[in-house]
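**Student:** Structure for the following, please:
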Amino acid sequence: MLKNKLAILKEYINKNLKKGFIKKLTLRARALVLFILKKDKELQLVINYYKLNNIIVKDKYSILLLVKLNNKLKRAKFFTKLN
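**Tutor:** All right, here's what the predicted structure looks like:
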């Protein structure tokens with residue numbers, strides 16, 4: 001059973017690395033990987049990102065863009081709507 005789980009995990013990682021959905025990191029943080037037995041006796045891979053999401057620094061860049069946009073719009077005198 002352990003070899004089966006390891007094969008499923010390797011297949012998942014390789015497939016998603018090729019697609020670009022995931023990438024290799026040098027971070028020491030980890031996510032919990034579980035296998036759940038489905039009704040048809042097949043193993044389903046489940047990844048718990050809860051603790052990993054808590055340590056990731058949130059991106060604050062988008063708020064800065066909104067402030068800059070707001071400052072530019074304050075100086076505008078005419079607004080147009082393009083279809």
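**Student:** where along the chain do the helices fall?
**Tutor:** Counting by DSSP state H, residue ranges of the helices within the chain are 2-19, 50-55, 61-74.
**Student:** any idea how far the second one is from the chain center?
**Tutor:** Relative to its chain's centre, helix 50-55 lies at 11 Å (C-alpha atoms, centre = their mean, to the nearest Å).
**Student:** follow-up on the earlier one: which among the helices of the chain is found nearest to Arg30?
**Tutor:** Closest of the helices of the chain to Arg30 is helix 50-55, at 7.2 Å (criterion: C-beta to C-beta). Bear in mind the C-beta positions are built from the backbone N, C-alpha and C, glycine included.
**Student:** Any chance you could list what contacts the closest one?
**Tutor:** If you take C-beta atoms under 8 Å, 6 or more residues apart in numbering as the criterion, helix 50-55 is touched by Ala29, Arg30, Ala31, Leu32.
**Student:** Would you reformat the helices of the chain as TSV and include mean neighbour count and distance to Leu43?
**Tutor:** Shown next, in TSV, are the helices of the chain (neighbours: other C-beta atoms under 10 Å; distance: least, C-beta to C-beta, whole Å):
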stretch	mean neighbour count	distance to Leu43
helix 2-19	11	6
helix 50-55	10	21
helix 61-74	9	39
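**Student:** Same list (the contacts of helix 50-55) but as CSV, adding pLDDT.
**Tutor:** Listed next are these as CSV, based on pLDDT from 0 to 100:
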residue, pLDDT
Ala29, 73
Arg30, 75
Ala31, 78
Leu32, 81
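**Student:** Mind checking which of these land in strands?
**Tutor:** Assignment to strands by DSSP state E places the following of the contacts of helix 50-55 there: Leu32.
**Student:** Now flag whichever of the contacts of helix 50-55 is closest to Leu43.
**Tutor:** Proximity to Leu43 was ranked across the contacts of helix 50-55 by C-beta to C-beta; first place goes to Leu32, at 15.7 Å.
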